[in-house]
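> Using only what follows, build the 3D model:
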Amino acid sequence: MIYVQEATELTENDWEMISKLLRNGVMPYQQLIADCNPGPPSHWLNKRCNNKKTTRLLSRHEDNPSITPERIARLQALSGVRYLRLYKGIWAAAEGMVYETWDPDIHIRDRFEIPTHWRRIAGVDWGYTNPGCIQIWAIDGDGRAYLIYEVYRVQKGIEWWSDKASELMVRYGVDTFYCDPSDPAYIKSFRNKGVNAIAADNDVNPGIQEVQQRLVKAKDGKPRLFVFRDALEERDSIRDDNKQPCGLIEEREGYIWKKTSLGTVLEEPVKQDDHAEDTCRYALYSIAPKSKILTTSASSYEPENLYAKRTRK
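The predicted model follows:
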């Protein structure tokens, strides 16, 4: 018997590889069981259950005799898609997603060794009560961006973040940290640690368009943005306890457009659980060739071979 926790974090290939381990013929029967919270309706595990390839047993919070009223209250206080998934137990998609072309099966990658000549940059979003975030991005010779490392924490002061940035700069050879421009004193704190920190370009809608364009497959059949599955350094325990997203992968599907009271969608994202999203935008829009940021369909974007001739010194 094999038991998997949080099965939604596996790929379908992972699941099938684990299944093969049961084919030993020694025991009278073999069984693969798992638990998980619901994800988006398009998730491979939900599809597998809908197609009767896997048996689904539904459980409610009320079925757990040890759950406390305080825990239930925290779950009931969630909003949007996280309320539907984590409290109601519904496989739900966020309505009005900013990045509709985001596909975990395509954009989330297993880690591989990054060539030493690829450029490394970083995005930075400040926070204390809300999460602060540092993301390290590697840029390949065709301009594709890979999120290779992410720090996402609450209740950490600027000295902690400055030391962390200095450490990551040395570890990954980061040439520039593109920072939230709202607090120049924090940027100065980074610089005092020897970090090449500058104010990021914080033009929101063009920055979102740049990220959208990177998600679309180019002529070579590949998008221009990938996230390493294990990029997150560690989960923030406070966010975890409150069932709040940790890192870019978890923020992405809940990153939605604002709506008016009449339901009209506005070209402005909801300012909630967007800290990793802002960090991503700071980094990728700051290095973007601005003439390529289109106001039309993202599918028409074809990035230039910006980094083919770049080598690391």
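> Quick check: Lys53 vs Leu10, distance?
Lys53 sits 15 Å away from Leu10, going by C-beta to C-beta, to the nearest Å. Every residue, glycine included, has its C-beta placed from N, CA and C.
> just how off-centre is stretch 19-27 within its chain?
35 Å (C-alpha atoms, centre = their mean, to the nearest Å).
> What of stretch 187-202?
Mean-position distance between stretch 187-202 and its chain equals 23 Å (C-alpha atoms, centre = their mean).
> measure that stretch end to end?
Using C-alpha to C-alpha, to the nearest Å, the end-to-end distance of stretch 187-202 comes out at 15 Å.
> which residues touch the closest residue to Asp278 other than its chain neighbours?
Of all residues not flanking Asp278 in the chain, Asp125 sits nearest, at 4.7 Å (C-beta to C-beta, 6 or more residues apart in numbering). Counting by C-beta atoms under 8 Å, 6 or more residues apart in numbering, Asp125 touches 131-133, 180, 275-276, 278-279, 282.
> Quick check: phi and psi on Asp125?
Geometry field for Asp125 lists phi and psi as phi -120, psi 130, criterion degrees, to the nearest 10.
> For it, report the pLDDT, please.
pLDDT, the model's per-residue confidence, is 98 for Asp125.
> now swap in Gly96 and tell me
85.
> who are the neighbours in contact with it?
Neighbouring residues of Gly96 by C-beta under 8 Å, 6+ apart: 256-257, 259, 265.
> which among these end up buried?
Buried members of those, scored by 16 or more other C-beta atoms under 10 Å, are 256-257.
> Redo the contacts of Gly96 as a markdown table? Include secondary structure.
Formatted as a markdown table, those follow (DSSP: H, G, I helix; E, B strand; the rest coil):
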| residue | secondary structure |
| --- | --- |
| Ile256 | strand |
| Trp257 | strand |
| Lys259 | strand |
| Val265 | strand |
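> Name the residues that touch the helix or strand of the chain with the lowest mean pLDDT?
For the chain, counting by mean pLDDT, DSSP states H and E, helix 80-86 ranks last in confidence among helices and strands (a mean of 82). Under the criterion C-beta under 8 Å, 6+ apart, residues 37-39, 75-76, 78, 90-95, 243-245, 253-254, 256 lie in contact with helix 80-86.
> continuing past that helix, what's the next helix or strand?
Next along the chain after helix 80-86, taking DSSP states H and E as the criterion, comes helix 104-107.
> May I see the buried residues of that following helix?
By neighbour count on 16+ other C-beta under 10 Å, the buried set for helix 104-107 is 104, 107.
> which helices and strands does the helix or strand encompassing Ile148 pack with?
Secondary structure assigned from DSSP H and E places Ile148 in strand 145-153. Strand 145-153 is packed against strand 132-139, helix 158-172, strand 225-228, helix 275-286, with contacts defined by 3 or more C-beta pairs under 8 Å, 6 or more residues apart in numbering; DSSP states H and E.
> JSON lines for those, including mean pLDDT and mean neighbour count?
As requested, the helices and strands packed on strand 145-153 are exported to JSON lines (pLDDT from 0 to 100; neighbours: other C-beta atoms under 10 Å):
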{"stretch": "strand 132-139", "mean pLDDT": "99", "mean neighbour count": "25"}
{"stretch": "helix 158-172", "mean pLDDT": "98", "mean neighbour count": "17"}
{"stretch": "strand 225-228", "mean pLDDT": "98", "mean neighbour count": "22"}
{"stretch": "helix 275-286", "mean pLDDT": "98", "mean neighbour count": "26"}
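> Need those in CSV (columns: distance to Ile67).
CSV is the format used below for the helices and strands packed on strand 145-153 (distance: least, C-beta to C-beta, whole Å):
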stretch, distance to Ile67
strand 132-139, 31
helix 158-172, 34
strand 225-228, 32
helix 275-286, 29
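> Out of these, which is closest to Arg48?
Checking the helices and strands packed on strand 145-153 against Arg48 by C-beta to C-beta gives strand 225-228 as the closest, at 23.1 Å.
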